[in-house]
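Asks: Sequence first, predicted coordinates after that:
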Amino acid sequence: MTDTPDTVRIDKWLWYARFFKTRSMCAKLISDGRIILNDQKIKKPATTVNIGDRVLFRQGEWQRIVTIAGIGTRRGPASEAQELYEDLSPPKPKRENNPQNPKFEGKGRPTGKQRRALSSFSPKSLD
C-alpha cells in the first residue's frame with residue numbers, strides 16, 4: 001500500500017503538477033501574492049493544500065484556474081502531473097499575427113542571396 005499524504009505545501013504541489021519549472025519560482029510567485037487559494041491571496045509557500053482546493057494564477061497572459069484532484073509524491077512525467085488537477089481555465093488565447101514578430105514559415109536558414117538582401121535593407125531608407 002502506498003503512503004500518500006493528505007496535504008502538501010502549495011509550492012511543492014505547483015512544482016509536482018509541472019506548472020512552473022522550479023520550486024523556487026513557485027515560492028517567489030507565492031511570496032509576491034500572485035497565487036490565490038480558495039479565493040484568498042496567500043503569501044507563504046508553506047501553506048498546505050488539500051484535494052478539492054481551487055488555485056488561481058497566471059502563466060504569461062493566460063489565467064489558470066485549477067482544482068486539486070490529487071496530492072502527488074514526486075515530480076513525475078507530464079502524464080502523471082496532469083492527474084493531479086482538473087483544469088477549469090478558459091481556452092488559451094491564440095496569438096495574433098504581429099508584423100513586428102512574423103510567424104516562422106519553416107523554411108530554415110536564409111540562403112546567401114537572402115542574407116545579402118536583408119543586409120542591404122536599412123531602416124534609414126524608410127525615412
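Replies: Nice, thanks for sending it over. Numbers count the residues shown, from 1 in each chain.
Asks: who's the closest residue to L88 other than its chain neighbours bridged to?
Replies: Nearest non-adjacent residue to L88, counting by CB to CB, 6 or more residues apart in numbering: I65, 4.4 Å away. Glycine gets a C-beta too; all of them are placed from N, C-alpha and C. Here I65 sits in beta bridges with L56, as judged by DSSP bridges.
Asks: Isn't I65 up against S89?
Replies: Yes - because the distance of 5.0 Å satisfies CB atoms under 8 Å, I65 is recorded as touching S89.
Asks: More neighbours: which of those two?
Replies: Per other CB atoms under 10 Å, whichever of I65 and S89 has more neighbours is I65, with 15 against 12.
Asks: circling back to that earlier point, ok, now how distant is the residue nearest to L88 from A117?
Replies: Going from I65 to A117 by CB to CB, to the nearest Å gives 48 Å.
Asks: again with E61
Replies: From E61 across to A117, the span is 34 Å (CB to CB).
Asks: buried set for stretch 35-53?
Replies: Buried positions in stretch 35-53, judged by neighbour count with 16 or more other CB atoms under 10 Å: 35, 37, 42, 45, 47, 49, 53.
Asks: No further questions, thank you.
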